[in-house]
Structures are given as structure tokens and as C-alpha cells.
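In: Return a 3D structure for these sequence lines:
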Amino acid sequence: MLGSRLELTSDEVAEKGGLSPENTRRLWRALGFPDPGEDAAFGESDAEAVAIVASAIDHGVLGEDTIFRLTRAVGQTMARLADWQVSTLVDQLEHDVDEGRAGNRMEAAMALVATAGPAFEQLMIHAWRRHLAAAASRLEAQGALDEELLSTTMSVGFADLSRFTALSNELDDAGLARIVETFETRATDLITSHGGRVIKTLGDAVLYVCPDPVQATRIALEIVRRLSTSDGLPSLRVGLATGSVLSRLGDVFGPPVNLAARLSHVARSNRVLIDKTTADRLGDDFETRVLPPRLLRGFGNVSPITVSERRGFRSR
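Out: Residues are numbered from 1 along each chain as shown. Purely as a prediction, here's the structure:
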């Protein structure tokens, strides 16, 4: 699966790749792997990867710290992607073993990588390029000064499933996995198809952003409308807040992120709560109602606002 036998130590792969032993170990940690000590834990493909980083440093393509930050991003992303892919393919691997096409799951996985791996590698590169282009376009559209490029005004939505802790105790692992998969898949489809961007999924919650408060509100209402009637899904609620958000390492930070989460936690089942900043930017297509103040951790007394559409929103 790795393309070469693991016959090299850390020092040997550093020498082959042309990187110092210290930076080789730093690279390995940035990719998300533990220090193997003196064990022969590396192959020729690892030496080639080290050589790529060494060449970038030697030619001044990027600063050393920047290279390792990018490497850490790659490591974290690939680790999550690999776990996601393996958990998705478990049923297929078990089926291949049951049908006699493989002696065990590892053998089945090796066969699957050999047949489908090259195509999926091309797909991953294509998806990365598309997302890189989209991220660059978003950065350009901000039109801010250099020191402000990572900060922008966004609407942040936090949608989470009600009673998830209780469900975790009531359902078996397979049943819980089905609920999480259904929720994440349908919520992601709705958010992206209506102009939002999913930042992360947390099993029982999805965090998304949208530059337009009106569209962000429509997304929130659509999530409740569509997913609350989905078979097998519990009720859900959405919190939405608008303000200055810092984008960093694929995540978003700032008061709107925390406020959206707090609002979702105090919302009734199958309801959307928004903050005043979002409400002030909505037009006549929406009806809003200010609720009594609630004590929200980190924000003091806040008056949540319920929202609904005067005219039914339909997907386009």
C-alpha cells in the first residue's frame, strides 16, 4: 500500500532526502505520525517526500515555517480523510471477504487500493485544485489590507441534533452511525447547494458560513424544514450569528461562531434562532420576533430572535 518496503531509519531517510535529521523528524510529526525512534519505519517513498520538502526549503520557494504549517494542514486533512474513507468502505471490505474475494479485510483493502486508488488520487488532486481556486477567489473578493485578509464579516450557522446524547445511549453503534451519516450528508448538500460553505462536521452538529446573512438564514430554515421531516433523524435546531470572523487553518473563529453555538443550544426543537445583527440585515421576506433575554455563557443576557419566512423558500 505504501509503495515501498519499510527498511530505512529516520536518519537514513533524512540523508537520502537531503534534509537534516531534526527537520525530518519535525516533518514526520507535522504529518501527524509519532516519532519512530531508531526503528526502520520508512521506505523510499518517504525519502522522496522528504526530498520534496528539502528542495522547497533550499530553493526558497516558501519559508521554512510556512512549509511546516502547510505540512501540518496536509497531515491533519489526510488523517481525517483516511479515517472517513476506511469507515465508509468497511461494509464493502466485509462483503469482499464474505464472498471469498479476499482472505481478510487487509487483503481486501489492498486489492481495492490497487484497483480504485489511482482514480481516487486523481479525484483528490482535482478537488484540492478546485477548493484552492475557490479559497483564492474568496480572499480576493474581500479586498482587504494584508493584515486583515484573514478576517471578514460572515454569517455563521450552527445546526445540531436534539437529544443526541440520549440517542447515543439508546442506539447501537450501527444505528448511531446511520443517523450521523444521514445528518451530515443531507445538511452538507443543503448548505453547499444554497451558497454556504461547510467548515466542519462534529457528528451531531454542522458548522457553516455564508457571506450573505439573508442566504445564511434561508439555509438555516431549509435545514430545519428538510431535515426535521427526514425518516430516522431526530429533531434539530439552528443558531445563526453575523459578525467579524477570523479564518485560520481551515477553521473559523470569533464571537459569531460561539454565539451561533449558544443560540442553537437554547433554541426549541426544529427552530432557528438568530442574533440582532443578522435580524437587522433581513428584508421583508422574513418575520422576526424578539424573545425574552437569556443568559448565554460568554455573552451575558442576550435576546434571541426567532425567524421564519413570509413566503416559502424553495430550492433552486
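
In: how about stretch 247-260: buried residues?
Out: 247, 252, 254, 256-260 (16 or more other C-beta atoms under 10 Å). The way it works is simple: take the backbone N, C-alpha and C, and place the C-beta from them, glycine included.

In: now, which of those residues sits nearest Asn104?
Out: Nearest to Asn104, judged by C-beta to C-beta, of these is Val252 at 42.0 Å.

In: what's across from that closest one in the sheet?
Out: Ser247 (DSSP bridges).

In: I'd like to check which residues are in contact with it.
Out: 154, 156, 199, 207, 209, 245-246 (C-beta atoms under 8 Å, 6 or more residues apart in numbering).

In: try 10 Å
Out: 150, 152, 154, 156, 197, 199-200, 207-209, 245-246 (C-beta atoms under 10 Å, 6 or more residues apart in numbering).

In: From those residues, which one has the minimum pLDDT?
Out: Least confident by pLDDT among those: that is Leu150, with 64.

In: that's a helix at Ala159, yeah?
Out: No: per DSSP: H, G, I helix; E, B strand; the rest coil, Ala159 lies outside any helix segment and is strand.

In: I figured it hits Leu207, correct?
Out: Yes: between Ala159 and Leu207 there is a contact under C-beta atoms under 10 Å: 8.1 Å.

In: shared neighbours, these two?
Out: Joint contacts of Ala159 and Leu207 (C-beta under 10 Å, 6+ apart) are 191, 201, 260, 264.

In: So which of the residues you listed is the closest to Gln215?
Out: Ile191 (10.3 Å).

In: Could you report the neighbour count for that closest one?
Out: Residues near Ile191, counting by other C-beta atoms under 10 Å, number 25.

In: in which helix or strand would I find it?
Out: Using DSSP states H and E, Ile191 maps to helix 173-193.

In: Export that helix to PDB, keeping only CA atoms.
Out: Extracted C-alpha coordinates of helix 173-193, given in PDB (Å, rounded to 0.1, in the frame of the first residue of the first chain):
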ATOM      1  CA  ASP A 173     -23.100   1.700  17.000                       C
ATOM      2  CA  ALA A 174     -24.500   0.900  13.600                       C
ATOM      3  CA  GLY A 175     -27.800   2.800  14.200                       C
ATOM      4  CA  LEU A 176     -25.900   5.800  15.600                       C
ATOM      5  CA  ALA A 177     -23.500   5.800  12.600                       C
ATOM      6  CA  ARG A 178     -26.500   5.900  10.200                       C
ATOM      7  CA  ILE A 179     -28.000   8.900  11.900                       C
ATOM      8  CA  VAL A 180     -24.700  10.800  11.800                       C
ATOM      9  CA  GLU A 181     -24.100   9.900   8.200                       C
ATOM     10  CA  THR A 182     -27.600  10.900   7.100                       C
ATOM     11  CA  PHE A 183     -27.500  14.200   9.000                       C
ATOM     12  CA  GLU A 184     -24.000  15.200   7.800                       C
ATOM     13  CA  THR A 185     -24.700  14.200   4.200                       C
ATOM     14  CA  ARG A 186     -28.100  16.000   3.900                       C
ATOM     15  CA  ALA A 187     -27.000  19.100   5.800                       C
ATOM     16  CA  THR A 188     -23.800  19.400   3.700                       C
ATOM     17  CA  ASP A 189     -25.800  19.000   0.500                       C
ATOM     18  CA  LEU A 190     -28.300  21.700   1.500                       C
ATOM     19  CA  ILE A 191     -25.600  24.200   2.700                       C
ATOM     20  CA  THR A 192     -23.400  23.900  -0.400                       C
ATOM     21  CA  SER A 193     -26.300  23.900  -2.900                       C
END
